[in-house]
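[1] quick one, structure for this:
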Amino acid sequence: GPAFGTINCPGNSSSAITVGAVYLDGKKLADISSRGRYGQSKPDLVTSGYIYVKDTKDIQYGTSFAAPIITGVAASIFDLYKEPNLVKSIIMNATDNIGYPYHEQGKGMFNIKKLVEVLSVGETNYRN
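    Residues are numbered from 1 along each chain as shown. From the prediction side, this is the model:
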């Protein structure tokens, strides 16, 4: 990021879950977050790309910190359903729009509370 069209292979694959980053407030897209091209359905969603390093005042940032959050969520859901497309659909429906175009934020900011709601509704609502 932050230029448009900075999502490349493998992230631009339709089957990949591509994760952008937001600032610590969870409402503003981070400057370091890659963006898709106009009309591109990438990134798929965004989450925090900033972390505090334990026992220091150091803050590390990047989509390299955002992607593992969603990877862990995906792995947990995959253990339940074992269907990659279903897992992606469930994750994509556990987001909140933060007001950016789709090619910048995807479906929006990952929301763990919404994920719990989505999972409680049942997977039949999210099958492609």
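[2] may I see the buried residues of the strand or helix carrying Gln60?
    Using DSSP states H and E, Gln60 falls within strand 59-61. Under the neighbour-count criterion of 16 or more other Cβ atoms under 10 Å, strand 59-61 has Tyr61 buried. All C-beta atoms are positioned from the backbone trio N, CA, C, and that covers glycine.
[3] so which elements touch it?
    strand 50-52 (3 or more Cβ pairs under 8 Å, 6 or more residues apart in numbering; DSSP states H and E).
[4] adjacent strands (with direction) for the strand it packs on?
    Using DSSP bridges, strand 50-52 pairs in its sheet with strand 59-61 (antiparallel).
[5] quick one: residues in contact with the strand it pairs with.
    When contacts are defined by Cβ atoms under 8 Å, 6 or more residues apart in numbering, strand 59-61 is touched by residues 21, 30, 32, 49-53.
[6] one more time with 7 Å, if that's ok
    Here strand 59-61 makes contact (Cβ atoms under 7 Å, 6 or more residues apart in numbering) with 30, 32, 49-53.
[7] any of the residues you listed buried? List them.
    Using 16+ other Cβ under 10 Å, the buried members of the contacts of strand 59-61 are 30, 32, 49-50.
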